[in-house]
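Student: based on what follows, work out the 3D shape:
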Amino acid sequence: RAFISVLAMLALVVSAKGSVGTNTSFCTESKECLEYELVCKTDEYEVRHYSPTRWVSTDAEAYFMGVGAAMAFRRLFQYITGANEGGIQMEMTAPVLVKIPEETKMWEPAVYTLNFPLPAAYQEKPPAPTNDKLYFTEMPEMDVYVRSYGGWMLSVTSRLHAHLLTKELERVRASYNHSYHYGVGYDSPLKLLNRHNEVWYVADGLYSLLSFMSVDFMIYVAKYW
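Tutor: The predicted structure follows:
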């Protein structure tokens, strides 16, 4: 019975659809927000399933994540406000993803990749950027481990919550990509209260049972189902 129930949940995940669409409860400043399916949730993290999406991206080299993100944000904002072929202006979408390399040395700069999700109307055929430092990223279908926190997404806070998330993932022996993580922001700099940020680690092995089920959940299944 337990095995059949688990398979049913897996089938639900496989058929899940996600896209850029109506916003979520914590995505309050954008008309369109990246949608997802919640796979499971613990006191420490969530596991979400995302469908393939297209993003506009740019890289920035800096000693601190906040500095690199600020440099890259300006280029992306110029793109959505008309710096593209056709001069098309687009609504700001959320979240903003910063790809942060895991192995960085204090005395060396790191390359941070900033990504904006393209609006639903431009997912298939986005206008080409006029800045050659911008490019499109095809984000694959993926499961991610997510830790949420409030306040501001700074280098220190991002690293702290990344550490807390990896500590919990190691405890439950989860399989995930150790080479990078995402810093995820949903709010504009003008918003002062009730801010929402996240840290993401991408699960290894799409739809792998162990990639999104904690040991605690498996014990529950074995005991009660």
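
Student: which stretches of the protein have low pLDDT?
Tutor: Scanning the chain with the threshold set as pLDDT under 70 gives 1-18, 21-23, 106, 205-225.

Student: could you redo the last one with a cut-off of 80?
Tutor: By pLDDT under 80, the low-scoring segments of the chain are 1-25, 104-107, 205-225.

Student: all strands of it, in order?
Tutor: For the chain, the strands defined by DSSP state E occupy 20-21, 33-34, 37-41, 46-50, 53-62, 96-101, 110-117, 134-139, 142-149, 180-185, 197-202.

Student: and those as TSV, adding distance to T166?
Tutor: Bear in mind the C-beta positions are built from the backbone N, C-alpha and C, glycine included. Compiled in TSV, these are given as follows (distance: least, CB to CB, whole Å):
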stretch	distance to T166
strand 20-21	28
strand 33-34	23
strand 37-41	18
strand 46-50	15
strand 53-62	23
strand 96-101	12
strand 110-117	18
strand 134-139	21
strand 142-149	9
strand 180-185	8
strand 197-202	7
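
Student: closest one to Q78 among those?
Tutor: The stretch from those with the least distance to Q78 (CB to CB) is strand 134-139; that distance is 8.9 Å.

Student: rewinding a little: adding distance to S158 and mean neighbour count, write the strands of the chain out as CSV.
Tutor: Listed next are these as CSV, based on distance: least, CB to CB, whole Å; neighbours: other CB atoms under 10 Å:
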stretch, distance to S158, mean neighbour count
strand 20-21, 23, 18
strand 33-34, 18, 22
strand 37-41, 21, 15
strand 46-50, 17, 22
strand 53-62, 14, 20
strand 96-101, 7, 20
strand 110-117, 11, 22
strand 134-139, 20, 15
strand 142-149, 9, 20
strand 180-185, 4, 22
strand 197-202, 7, 24
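
Student: of all those strands, which one is nearest A70?
Tutor: Nearest to A70, of all the strands of the chain, is strand 53-62, at 8.3 Å by CB to CB.

Student: quick one: that closest one to strand 142-149, angle?
Tutor: On the basis of axes from the mean of the first three to the mean of the last three CA atoms, to 10 degrees, strand 53-62 is oriented at 60 degrees to strand 142-149.

Student: so what are the sheet partners of strand 53-62 and their directions?
Tutor: Sheet pairing of strand 53-62 (DSSP bridges) gives strand 110-117 (antiparallel), strand 134-139 (antiparallel).
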